[in-house]
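> Below is the sequence, then the predicted model.
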Amino acid sequence: MSTDAELQSHVLRRELHSPKSGLAITLAVLAIVALAWIGTESALAALGRPALLLSPAAMAAGLRGLPSVQPAVLVAAGVVLALIGLVLIVASVTPGRRGRHIIGDGHSAAVVDDEVIGSALVRAAATEAGVSPDRAVADVGRRSATVRVTPVSGVSIDRAAVDRVVAEAAEGFGLTPPIRTKVTIDKKGKVGG
Amino acid sequence: MNTTNRGLNRLFIFIVGLLVLAAGAVAIMVATVPGLASRWRGVARQLASGAQPWVAAPTIGKASLLVIGIAVVALLLIVLLVAFIARQGHGRSAAALEQRNGATSTRIDLSIPRALLEEHLGRRDELVGLRISAYEVRGTPMLKVTARCRRGVSPAVVAEIIGRAVRDLETIVGTDVPTFVQLTGGFRAGSATRPQVA
C-alpha cells in the first residue's frame, strides 16, 4: 500500500503520458500476421501442398540471392526499413505527452484535456471581442496557447482587451504547468455573423 | 489508470524497431560495401551445398526439421503476442474504497459513490456527460470521475464542482476517497444553436 500522495502522483504521471498501447498492438498484430504466414507456409510444405505465396525453400533461396538484387532497389528498401526502425526506436524512448494539463488544488488528482482549455479560452476571447465562438480557434500546447479571432468585416476588435481577458482566464484555470497565452486577430474579417 | 505494462510496451516497440533497423542496415550494406555481396554469395553457397540433413532433408512432406522448428517457434511467438495484446488495459475494480485497520476492514462498493456523484452532478449544466468507475492502482482502489464538459465552460469551474462533490462524498462515507478526475471535451458535434438576429 502506498500513501495517497504517492498514489496521486503515480496516476497523474501515467495519465499525462501515452501508454503507447496503440503502436504496440499494431506492431504485435503485424508480427502475428507475418508469423502466421510463415507458419502456414511451413505447414503446407510439411503436408506437401502448394505454397500460398512462397515455399520455405523459396524463402531461403530469396535470402541467399539477396546480393543479386539491383543495388539501387536494395538501398532504397534498406533506407525505408532503417527509417521505420529509427522512428520506432524514437517512439519507444520519447515521453509521449498527451494533450492534458493538471488542474485544481490537488485534493483530488485531476487532469483536463487541452481541448477543454482551448474551448474555454475561445469562449472568453469571443465574448470579449463580440464575435461568435465559431469565429475563434485556440491552439493549446504544453506551456502556451494561441487564440486566433476572425473579426466581422468593418468591426474592429481591441486586441489588447481580448489579450488581457484570455490571459486572465488562463491564469484562473490553475493549470500545471501554467500556459502563456497569445491572441492574434485576423487582418481580413468575414461578412456577417 | 489501467494496469497496462507501459515499460513492456516500450521495450516491445524498441525491440521491433531495432530488428527493422538492423534489416534495413543489412540491405544497405550488402548493396554498398564492396566485397560483402560476394562474401554473402559464398557463405550462402557453402551453406546450401554442405547443408546438414536437419536443414535440407525433408522429414515430413517437403519440410525439413528446420522448417518445422521455425513453424513451432512462429506458433509460440504468436501465442506470446496474443497474450501481450490481451494484457493491455484492465485493472477495473468493483470496490471504490478498501481499508484495512488491523482486524476490521471496510469496503465500499463502486455503486455507492456512483449513485451519490451522479445524483449530485447529474443535473449540472456545465456537464454533458459523467462516467464513474474505479480502478485498482498499486493494490489500492481509486475512484475515477470522467466528466465531459459543455463547450466553452471554464475547466476550473467544473473541477471545483466535482471537487466539492467528492468532498461531500467523503463526508458521507466518513473517510478520504482517493479520486482521479478527468475533464474531457468531445466537441466534434459543433456549437449549440445560436440565436440569429437579423
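Noted; the coordinates are in hand.

> Tell me, please, where in chain B the pLDDT is lower than the cut-off.
B:51, B:53, B:56, B:61-62, B:187-198 (pLDDT under 70).

> can you pull out the strands in it?
B:58-60, B:63-64, B:95-101, B:104-109, B:127-137, B:140-149, B:179-184 (DSSP state E).

> Tell me which of these lies nearest to residue A:188.
Proximity to residue A:188 (Cβ to Cβ) singles out strand B:140-149 among these, at 31.9 Å. Any C-beta I mention is one placed from the backbone N, CA and C, and that applies to glycine too.

> Enumerate the positions of that closest one that are buried.
The neighbour-count check on strand B:140-149 (16 or more other Cβ atoms under 10 Å in any protein chain shown) flags B:140, B:141, B:142, B:143, B:144, B:145, B:147, B:148, B:149 as buried.

> Same question for stretch B:164-182.
In stretch B:164-182, counting by 16+ other Cβ under 10 Å, buried: B:165, B:166, B:169, B:170, B:173, B:177, B:178, B:179, B:180, B:181, B:182.

> Show me how chain A divides into domains.
Per the record, chain A has its domains at A:4-93, A:100-185, by automatic domain parsing.

> Give me the distance from the last one to the chain's centre.
Its chain's C-alpha centre lies 21 Å from the corresponding centre of domain A:100-185 when counted by Cα atoms, centre = their mean, to the nearest Å.

> again with the longest one
Distance of domain A:4-93 from the chain centroid (Cα atoms, centre = their mean) equals 22 Å.

> and it, how far apart are its ends?
29 Å (Cα to Cα, to the nearest Å).

> Can you give me every residue that contacts residue 104?
All of this is about chain A. Applying Cβ atoms under 8 Å, 6 or more residues apart in numbering or on different chains to residue A:104 gives the contacts A:110, A:174, B:156, B:159, B:160, B:163, B:181.

> what about the most far-flung residue of chain A relative to its centre, distance to residue A:99?
Outermost residue of chain A with respect to the C-alpha centroid, by Cα atoms, centre = their mean, is residue A:48; its distance is 48.1 Å. According to Cβ to Cβ, to the nearest Å, residue A:48 and residue A:99 sit 56 Å apart.

> which residue packs closest to residue B:59, ignoring adjacent ones?
Leaving aside its sequence neighbours, residue B:59 sits nearest to residue B:65 (Cβ to Cβ, 6 or more residues apart in numbering or on different chains; 5.4 Å).

> correction: residue A:190
Nearest to residue A:190 is residue A:150, by Cβ to Cβ, 6+ apart, at 5.6 Å.

> Count the neighbours of the one you found for me.
Using other Cβ atoms under 10 Å in any protein chain shown, residue A:150 has 20 neighbouring residues.

> my guess is it contacts residue A:134, does it?
No - when contacts are counted by Cβ atoms under 8 Å, residue A:150 is not listed as touching residue A:134 (9.1 Å).

> show me what contacts the residue nearest to residue A:190?
Neighbours of residue A:150 in contact, by Cβ under 8 Å, 6+ apart: A:131, A:135, A:136, A:186, A:189, A:190.

> Which ones among these map onto helices?
Within the contacts of residue A:150, no residue falls in helices by DSSP state H.

> Which stretches in chain B count as helices?
So, for chain B - with DSSP H - the helices run B:6-32, B:36-49, B:53-56, B:65-86, B:111-121, B:155-173.

> hmm, I was thinking of chain A
Counting by DSSP H, the helices of chain A are A:4-16, A:21-46, A:56-64, A:71-93, A:114-129, A:159-172.

> still on that earlier bit, now the buried residues of strand B:140-149 in TSV, with distance to chain A?
Listed next are the buried residues of strand B:140-149 as TSV, based on distance: Cβ to the nearest Cβ, whole Å:
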residue	distance to chain A
B:140	6
B:141	10
B:142	7
B:143	9
B:144	9
B:145	8
B:147	9
B:148	9
B:149	5
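
> which two in those are spaced the farthest apart?
B:140 and B:149 (27.7 Å).

> Show me chain B divided up by domain.
Split by automatic domain parsing, chain B gives B:6-86, B:95-184.

> highest average neighbour count across those domains?
domain B:95-184 (a mean of 17; mean count of other Cβ atoms under 10 Å in any protein chain shown).

> picking up where we left off before, of all the domains of chain B, which lies closest to residue A:82?
domain B:6-86 (3.3 Å).

> Span of the closest one from start to end?
Span of domain B:6-86 from end to end, Cα to Cα: 14 Å.

> distance between it and the chain's centre?
With Cα atoms, centre = their mean, you get 29 Å for domain B:6-86.

> Model confidence score at the residue nearest to residue B:84 when sequence neighbours are not counted, please.
Distances taken as Cβ to Cβ, 6+ apart place residue A:28 nearest to residue B:84, at 5.6 Å, with adjacent residues excluded. Predicted confidence (pLDDT) for residue A:28: 96.

> burial of residue A:28, as a residue count?
22.

> returning to what we had before: farthest pair in the contacts of residue A:150?
Farthest pair in those, by Cβ to Cβ: A:136 and A:189, 12.7 Å.

> now residue B:98: how far from residue A:7?
13 Å.

> Spit out the residues that contact these two alike.
With Cβ under 8 Å, 6+ apart as the test, residue B:98 and residue A:7 both reach residue B:140.

> got a list of what the nearest residue to residue B:124 once chain neighbours are set aside touches?
Leaving aside its sequence neighbours, residue B:124 sits nearest to residue B:161 (Cβ to Cβ, 6+ apart; 6.0 Å). Contacts of residue B:161 were listed using Cβ under 8 Å, 6+ apart, and they are B:121, B:124, B:126, B:127.

> What separation do you get for residue B:161 and chain A?
11 Å (Cβ to the nearest Cβ, to the nearest Å).
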